[in-house]
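Participant: please work out how this folds:
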Amino acid sequence: MLVKIRAAAVVALLMLTACKSPEPPATPVPPAPTATGYGALPPQTAAAPVPGGEAQRFIAGLDVPGQWWTLFHSAKLNALVDRALAANPDVAAAQAALRQARETYYAQKSSAYPTAQGSASISRQQLPTYYSPPLSSNNEYVYGVHTLSLDVAYTPDVFGNLRYQSASAGAALTGQRFMTEATYLTLTSTVVITVLQAAELRAQIATAKRAIAIDRQLLELTRAQRTYAQAAGLDVLTQVSALRAAEAVIPPLEKQLAQTRDALARLVGASPDAAPDADFDLDALHLPDTLPVSLPSALVAHRPDIAAAEANLAEQSAEVGVAYTNRLPNFAITAQTATQALSLGTLFGAGTFLSNLTAQVTQTFYDHGTLKHREAAAVAAYDQAAATYVGTTLSGLQNVADALVALKSDADALVAASDAQLAAQQALEIVRRQQALGAVSSLVTLNAEQADAQAELNVVQARANRYMDTAALFEALGGGWWNRTETVPER
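Facilitator: So this is what the prediction gives:
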């Protein structure tokens, strides 16, 4: 009779499993962005007659290459990026986190299946002597018990609790995949921008040293004029001040260059004493002249941070389901079969087997609102994730718009700087011809050379801005990870 009751309970649980589960509170998905562009954008930027001054064309819908940094045409830069991807500790940490999320998902998914456990035990027991001999007529009060058992447990997912937990773990795995891609993108763009900063600093130092040499000549000339009463003492002091001011520019630039080397060392997983070569030259780098502009709808799908925020939204939605189904009854089925005997040789003999089958249902009737508040907290966490997703999407659109505006502004600034440099060069040529004819003094020529050096410095800065903002655009567009043929190795 007991076996029939237990069998009926199991059948009832299986029928409940087939029933439709009640639905948790609705979790509305935030609407997709309706923007179709990033504001008014010219088809191309202005062009300047200097290296790196080519016009850059904006191509709407053009896909982003998976290894976008190769567009700068620098084998040295490519090798540095490859080295960073292979040895950077942040990439290794992200890959480990991805493996952890994957194994957590598999473990959670497995919880929906039955579990079986086997056990074996040997116990030695002694009875008090006032008992009658329990085992034989030989007055044996000490005996051993040998037991082998198999336990099977199964939790029918009647209301979908395990399904929601698996969905939550799966969304967490998806989010970690995109976080790994974000780490990859951040690393590659940081390496490129750091290299460009090093190239700019080296060019600035060279130009600043040229200006210092001119200032020294001006000082010597002013002192000579002072000797012949052609200049006042104030003129000498003014020129000394100008020279010292020019010399003061060098140490901060050299400090920044040293720090970029240290930063590159960190990026490639090395200590500062093993920093890679940072002797990059802007003239050796090609400025990409065709730039992709992804549509906002494509950007939402391609930006790793937006995709990770979307995965977090799905995870929190599943957690709402978990919290809701935790308030519903919980079912469990356990079965046990075992054999028990006084010796190993008789374990499977007649009369040694025992079994047990249990069907259990558990329902919380009173917890002072604990489960209710946990469900409300899960709903609030979903609302937070939804707002974060919207904010991340808007930030992504802003990043692209800012990069596009910066590129247009950079091109205009380079045109102005190159025009100023051209005027300074022409003025210097005229002054030099006048000096050759004795029409002007050396002081006028040195002042013209100083103006030319400053104009050159402005051009260097404007060129570097174009390179760095180009890299920033590729980063803002998601870095083209979906087109990458090689993946970062998991370690």
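
Participant: hey, let's count contacts and neighbours off CA atoms from now on
Facilitator: OK.

Participant: for Leu150, helix, strand, or coil?
Facilitator: What DSSP: H, G, I helix; E, B strand; the rest coil gives for Leu150 is strand.

Participant: over to Pro292?
Facilitator: Secondary structure for Pro292, judged by three-state DSSP, is strand.

Participant: would you agree it is in contact with Gln56?
Facilitator: No: counting by CA atoms under 8 Å, Gln56 is not a contact partner of Pro292; they are 10.3 Å apart.

Participant: so which of those two has more stuff around it?
Facilitator: Using other CA atoms under 10 Å, the more surrounded residue of Pro292 and Gln56 is Gln56, with 21 against 17.

Participant: excluding sequence neighbours, find me the nearest residue to that one.
Facilitator: Excluding the flanking residues, the one nearest Gln56 by CA to CA, 6 or more residues apart in numbering is Asp289, at 4.3 Å.

Participant: try Arg374
Facilitator: Spatial nearest neighbour of Arg374, chain neighbours left out: Ala323 (6.3 Å); criterion: CA to CA, 6+ apart.

Participant: again, but for Val152
Facilitator: Computed as CA to CA, 6+ apart, the closest residue to Val152 that is not its neighbour in sequence is Ala116, at 4.4 Å.

Participant: name the helices or strands packed onto the helix or strand hosting that neighbour?
Facilitator: In the assignment (DSSP states H and E), Ala116 maps to strand 115-126. Packing partners of strand 115-126 (3 or more CA pairs under 8 Å, 6 or more residues apart in numbering; DSSP states H and E): strand 142-154.

Participant: just the mean pLDDT for the strand it packs on, thanks.
Facilitator: The average pLDDT for strand 142-154 rounds to 84.

Participant: now do the helix or strand just after it: distance to the chain's middle.
Facilitator: Later in the chain than strand 142-154, the nearest helix or strand by DSSP H and E is helix 161-227. On the basis of CA atoms, centre = their mean, to the nearest Å, the separation between the geometric centre of helix 161-227 and that of its chain is 17 Å.

Participant: quick one: average confidence on the helix or strand following helix 161-227?
Facilitator: Remark: after helix 161-227, the chain's next helix or strand is helix 233-247, criterion DSSP H and E. The pLDDT scores in helix 233-247 average 80.

Participant: which positions in helix 233-247 come out as buried?
Facilitator: In terms of neighbour count (16 or more other CA atoms under 10 Å), helix 233-247 has its buried residues at Asp235, Val236, Gln239, Val240, Ala242, Leu243, Ala246, Glu247.

Participant: ok, the first one - contacts?
Facilitator: Under the criterion of CA atoms under 8 Å, 6 or more residues apart in numbering, the contact list for Asp235 reads Thr222.

Participant: just for the stretch 1-150 of the chain, where's the confidence low?
Facilitator: 1-22, 127, 129-141 (pLDDT under 70).

Participant: next one: stretch 302-320 to chain centre, how far?
Facilitator: With CA atoms, centre = their mean, you get 14 Å for stretch 302-320.

Participant: err, stretch 386-398, not the other one
Facilitator: 16 Å.

Participant: again, but for stretch 314-331
Facilitator: 29 Å.

Participant: now it: buried residues?
Facilitator: Result for stretch 314-331 [16+ other CA under 10 Å]: buried residues 314-328, 330-331.
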